[in-house]
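> this is the structure alone, sequence omitted:
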């Protein structure tokens, strides 16, 4: 599960490239979300098998996006369902490094 995952997000502003870094320590998940040039760390996520959940906030310019993510890792794919104050998204990212 550990690794850096790349996402391409379609938005009204065009395609946005984002990266999610997952770091496991037992059943605890930490890492960061890097989007629009801003890196936002998260801690205290949880892992159960290949499933994960985490909460955090993305500060990007004048926008603050609160999110709750649930998902899973299958092979090199990170599949997530994100609930945010800007809407809900289902996304798939590809591991680009460990």
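Received it, and whenever you're ready, just let me know what you need. For clarity, every value in this text was computed on a predicted model and none was experimentally measured.
> wait, residue 41 touches residue 34, no?
No - contact between residue 41 and residue 34 fails when scored by C-beta atoms under 8 Å: they sit 9.8 Å apart. (Each C-beta comes from the backbone N, C-alpha and C, glycine too.)
> neighbour-wise, which of those two wins?
When neighbours are counted by other C-beta atoms under 10 Å, residue 41 and residue 34 differ, and residue 34 comes out ahead with 19 against 12.
> now do the same contact list for the most centrally placed residue in the chain.
Residue closest to the average C-alpha location in the chain (C-alpha atoms, centre = their mean): residue 20, at 4.7 Å. Contact analysis of residue 20 by C-beta atoms under 8 Å, 6 or more residues apart in numbering lists 4, 5, 7, 31, 32, 33, 34, 78, 80, 93.
> ok, it to residue 41 distance?
Going from residue 20 to residue 41 by C-beta to C-beta, to the nearest Å gives 11 Å.
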